[in-house]
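S.K.: The amino acid sequence is not available; the structure is as follows:
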């Protein structure tokens, strides 16, 4: 059994992952700019929700790629006589991985945690700046 097309598709999915990471980087910069320019907390919260959506996409994509890789590796090891229903097996593994999802998983996403840390630091800097400005008046 040849898995060249599967390998090619996995490579494309990994490119999608880089797009998600880029989106998360951009969202972080936007949120920091919003905080720095003293914009409404609601605007920053909207960007935080976008970050959580990116984290969900990242998790789903990782689960899907893992399901594909595990299924292909299993088939390569077992070398069945009849080609199994690859789509069914991948969906089965993917569903099992997705069933373990929790909202707290999203908040443990590395980029989301970095985002929260950066926001906290920027807010601290802005408060310090405002305090100095107020004290100088």
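M.R.: That came in fine, so what should we check first? All figures in this text were calculated on a predicted structure; none of them were measured in a lab. Residues are numbered from 1 along each chain as shown.
S.K.: Please, where are all the helices along this structure?
M.R.: Remark: helices assigned in the chain by DSSP state H are 4-36, 41-78, 86-98, 103-107, 110-136.
S.K.: Now render these as a markdown table, adding mean pLDDT and mean neighbour count.
M.R.: C-betas here are computed from N, CA, C, even on glycine. Converted to a markdown table, the helices of the chain look like this (pLDDT from 0 to 100; neighbours: other C-beta atoms under 10 Å):
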| stretch | mean pLDDT | mean neighbour count |
| --- | --- | --- |
| helix 4-36 | 92 | 14 |
| helix 41-78 | 94 | 16 |
| helix 86-98 | 96 | 14 |
| helix 103-107 | 91 | 11 |
| helix 110-136 | 86 | 13 |
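S.K.: Check the separation of the first and last residues in stretch 99-112.
M.R.: Start-to-end span of stretch 99-112 (C-alpha to C-alpha, to the nearest Å) is 21 Å.
S.K.: ok, residue 55 touching residue 109?
M.R.: Yes - using C-beta atoms under 8 Å, residue 55 is in contact with residue 109, at 3.9 Å.
S.K.: Is residue 106 in contact with residue 60, as I believe?
M.R.: No - Residue 106 is not in contact with residue 60 according to C-beta under 8 Å; the separation is 10.6 Å.
S.K.: what pLDDT does residue 1 get?
M.R.: For residue 1, the pLDDT comes out at 66.
S.K.: ok, and what's touching stretch 28-42?
M.R.: Stretch 28-42 is contacted from outside by 43-44, 47-48, 51, 111, 114-115, 118-119, 122-123, 126, using C-beta atoms under 8 Å, 6 or more residues apart in numbering.
S.K.: biggest separation within these, which pair?
M.R.: Within the contacts of stretch 28-42, 111 and 126 form the most distant pair, 22.2 Å apart (C-beta to C-beta).
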